[in-house]
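Engineer: Give me coordinates for this.
(chains A and B)
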Amino acid sequence: AQSVTQPDIHITVSEGASLELRCNYSYGATPYLFWYVQSPGQGLQLLLKYFSGDTLVQGIKGFEAEFKRSQSSFNLRKPSVHWSDAAEYFCAVGPRSGTYKYIFGTGTRLKVLA
Amino acid sequence: NAGVTQTPKFQVLKTGQSMTLQCAQDMNHEYMSWYRQDPGMGLRLIHYSVGAGITDQGEVPNGYNVSRSTTEDFPLRLLSAAPSQTSVYFCASRARGSNTEAFFGQGTRLTVV
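Structural biologist: Residues are numbered from 1 along each chain as shown, chains lettered A, B, ... in the order given. Have a look, this model is predicted:
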C-alpha cells in the first residue's frame, strides 16, 4: 500500500541548532516528493519539491531535503533553526503519471526553544 | 492575486444540518481538491476534480458531495452533518500535470455539535 511515514510527531530544538525531519515513503515507483509547512491557523505552504536530477534540493527559508532512493526517504534539514520555524511540517508524495492523488504524512510539529 | 480562497473560516453546525464550504481559485488551475485535517492523521483527500464537470472520490468521501461547474469554484457540501465531520477542511488547487505545486486555502474549521 502507498504510504508516507513521518516517525516524529513532535520535535523540540533550540534556536540556532540544526534540524532534521524524517520522511519515508512506500510507493510503487519513485514519486514526486514535497515538503509543506503549516504555521498555526494557516494553510500549507510549499517548502521544496523533488522531481528529478540532483538529489539534494534547496527550498525556501533555508531548508533543504535529500532524496535517497535506496532508503525511500526524503528528509528535511536546516543548519540553524530560527524561532519563526516553529510550525507543523508535512511530507507528501504524488504520482508521476495517472491519478491526481497526493498522499500526505501525518506531520511533525516543531517547537523551537529560545 | 488572491490564490485559493475558502469561506467561511469558522463554522459551528448542529447534527443533521447541511452546509456548503466554498472554495474559489483565481489561478486558472484545472486540478482542485478537498482535504480534511485531523490530529495525528495528516491530510486526507475527500474529493478531487481534474476539470470542470469532472469529479472523483478520494480517501474519505462519505458524507460529502462536490460539483465543479466552473474552473474557479469547487464547493464541498455536507448533506447531514455528523460530529465525526468536525475537522479542519482545506481546499487546494494546482495546474495540470503531475509535477505541479499545490496551493492551499487558509482552511475552514468546522465543529459539529
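Engineer: can we go C-alpha only for contacts and neighbour counts from here?
Structural biologist: Noted.
Engineer: now the strands for the chain?
Structural biologist: You didn't pick a chain, so chain A it is. Using DSSP state E, the strands of chain A run over residues A:3-5, A:10-14, A:19-21, A:24-26, A:32-38, A:44-50, A:56-58, A:64-68, A:73-78, A:87-94, A:103-104, A:108-113.
Engineer: was after chain B, sorry
Structural biologist: Taking DSSP E as the criterion, chain B contains strands spanning B:4-7, B:10-13, B:19-25, B:31-38, B:42-51, B:54-57, B:64-66, B:76-78, B:87-94, B:103-104, B:108-112.
Engineer: got those strands as TSV, with distance to chain A and mean neighbour count columns?
Structural biologist: Below are these laid out as TSV (distance: least, C-alpha to the nearest C-alpha, whole Å; neighbours: other C-alpha atoms under 10 Å in any protein chain shown):
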stretch	distance to chain A	mean neighbour count
strand B:4-7	10	21
strand B:10-13	11	13
strand B:19-25	13	20
strand B:31-38	8	24
strand B:42-51	4	23
strand B:54-57	10	16
strand B:64-66	16	19
strand B:76-78	17	19
strand B:87-94	7	26
strand B:103-104	6	23
strand B:108-112	9	20
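Engineer: Quick one: the ones you listed as CSV, columns for distance to A:V81 and mean pLDDT too.
Structural biologist: Output for the strands of chain B, formatted as CSV (distance: least, C-alpha to C-alpha, whole Å; pLDDT from 0 to 100):
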stretch, distance to A:V81, mean pLDDT
strand B:4-7, 29, 96
strand B:10-13, 32, 96
strand B:19-25, 33, 97
strand B:31-38, 26, 94
strand B:42-51, 23, 92
strand B:54-57, 39, 94
strand B:64-66, 40, 97
strand B:76-78, 38, 97
strand B:87-94, 28, 94
strand B:103-104, 25, 92
strand B:108-112, 29, 96
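Engineer: circling back to that earlier point, just name the most buried of the strands of chain A.
Structural biologist: strand A:87-94 (a mean of 25; mean count of other C-alpha atoms under 10 Å in any protein chain shown).
Engineer: any idea of the angle it forms with strand A:73-78?
Structural biologist: 150 degrees (axes from the mean of the first three to the mean of the last three C-alpha atoms, to 10 degrees).
Engineer: give the contact list for residue 8.
Structural biologist: Chain wasn't specified; assuming chain A. A:D8 is in contact with A:L21, A:R22, A:T108, counting by C-alpha atoms under 8 Å, 6 or more residues apart in numbering or on different chains.
Engineer: oops, chain B please
Structural biologist: By C-alpha under 8 Å, 6+ apart, B:P8 lies in contact with B:L21, B:Q22, B:T108.
Engineer: Noted, bye for now.
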